[in-house]
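1. Take a look and give me a structure for this.
(one chain, ligands or ions: 1)
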Amino acid sequence: MNAPMPRPSILDIKPYKGGDGTLPGFENTIRLASNEGALGPSPKVIEVLNNSNLELHRYPDGGATMLREGIGKHFDHDPERIVCGAGSEQLISAICRAYAGPGDEVLISEHAFVWYSIVAKAVGATPVKVPEPNLYADVDALLSCVTGKTKILFLANPNNPTGTAIGACELKRLHAGLRDDILLVVDSAYAEFIEWTEYSTGADLVDAARNVIMTRTFSKLYALSALRIGWAYGTPEMIDTINRVRSPFNVNSAAQVAGLTALEDKEHNEKTRAHTTRWRTCLTHVMRELGYEVPDSLGNFILVRFPVEPGKTAQDADQYLRDKGIITRAQGSVGLPDCLRISIGTEPEMRAIMDAMKAFVG
Ligand SMILES: *Cc1c(COP(=O)(O)O)cnc(C)c1O
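-> Numbering: from 1, shown residues only. Model prediction:
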């Protein structure tokens, strides 16, 4: 019997698996698997959601006008060149759908954020993975893999799960080496955490060129993962294009109010940033002291590489931590089966995982 069949590239997709939230036998698991903001959202967001009349029978503002204006003001961008989405993940899909299709190539670094290869396959394009020495995106290697079929280059900067970033000069060099008809997508999901003076979110390139778009999210520093809010900053042509393919009411009313409020709570945002830097530095130090390789991370997480020695592997550590109620994230899906990614959590959570890891090493 015949049955409807999806396009072959769809069956090639390994479904995205989010970090686990619960463990059997534990009432309060320590969730360090999804890079959610350690301190939770701004109390002002909770307050505004509790007190807003969201008029749930009304459709949301499909253009997310107030939110775009708030983002524009906060980051000094023209709101007309911003589009919001239900998470930046949705905008990344829309970009791929609009600019790539069957037969095209989408360039990504070897251990890039896993979503890029999923969206490339979903539109029938071929994700081309470029070797990544030392867990850093390599500009020359990326440029050497450009072919006549290349349509998009996705760069997470810093990347998830490696945490590593390239500086503004390297980013500029990457852009300068690309043909004008190749879209450079700079995914700056962790930008709000970064104080590195060499860092660029990519917004300056968006302003200077016609083939760059930057994506951002409220899921990380602003800790609003549940509400799904992301945004992109691009040329008017790109924003017009994405507006044609995105869902018309993609950002719900609660999300629009929450996002706008989150931007305004400078104190909470600064507290989250300082907390994250402090505990990322501490956790990195402790893990290196225990003998693990940990790349310098600029995000709210670190990547830890484990040996292949039986009893000491990433899988062994993962299980050991789970038995203690701690969930981290395995990285087989991005070609790093010997690594775990650990998100920065609260102080008690950080103390718990450092103690557990010391005991694991023995
Ligand atoms: C978390 C993450 C995103 C997706 O965030 P949304 O919740 O969809 O806004 C995008 N890119 C990178 C690199 C991420 O780590």
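2. Please count neighbours and contacts with C-alpha atoms only from this point.
-> OK.
3. quick one: contacts for Asn300?
-> By Cα atoms under 8 Å, 6 or more residues apart in numbering, the residues touching Asn300 are Asn35, Gly37, Tyr190, Phe193, Lys220, Thr276, Thr277, Arg280, Ser343, Ile344.
4. between the residues you listed, which is nearest Arg58?
-> Lys220 (28.5 Å; Cα to Cα).
5. Touching, Leu224 and Phe218? I think so.
-> Yes - Leu224 sits in contact with Phe218 when judged by Cα atoms under 8 Å, with a separation of 5.7 Å.
6. need the strands for this protein, in chain order.
-> Assigned by DSSP state E, the chain shows strands spanning 30-31, 82-85, 105-109, 126-130, 150-156, 183-187, 212-217, 230-233, 301-305, 326-327, 329-331, 336-343.
7. looking at the ones you listed, which is closest to Ser117?
-> Distance to Ser117, taken as Cα to Cα, is lowest for strand 126-130 among the strands of the chain, at 5.3 Å.
8. For that closest one, which outside residues touch it?
-> 102-110, 116-117, 120-121, 141-142, 145.
9. what lines up beside that strand in the sheet?
-> Here strand 126-130 is paired, per DSSP bridges, with strand 105-109 (parallel).
10. Stretch 140-157 - what's its average pLDDT?
-> Mean pLDDT, stretch 140-157: 98.
11. Tell me if it is near the ligand.
-> Yes - using Cα under 6 Å from any ligand atom, we find that stretch 140-157 touches the ligand at Ala156.
12. Endpoint to endpoint, that stretch covers what distance?
-> 16 Å (Cα to Cα, to the nearest Å).
13. In this protein, which helix is the longest?
-> Counting by DSSP state H, the longest helix found in the chain is helix 266-289.
14. Glu170 touches Asp138, doesn't it?
-> No - taking contacts as Cα under 8 Å, Glu170 lies outside contact range of Asp138: 9.0 Å.
15. Relative to Tyr222, how far out is Glu264?
-> Distance of Glu264 to Tyr222, computed by Cα to Cα: 11 Å.
16. same question, Gly163
-> 18 Å.
17. The two: who's more crowded?
-> Legend: neighbour count by other Cα atoms under 10 Å for Gly163 and Tyr222, higher for Tyr222 (27 against 23).
18. so the more buried one touches Asn35, yeah?
-> No - when contacts are counted by Cα under 8 Å, Tyr222 is not listed as touching Asn35 (11.3 Å).
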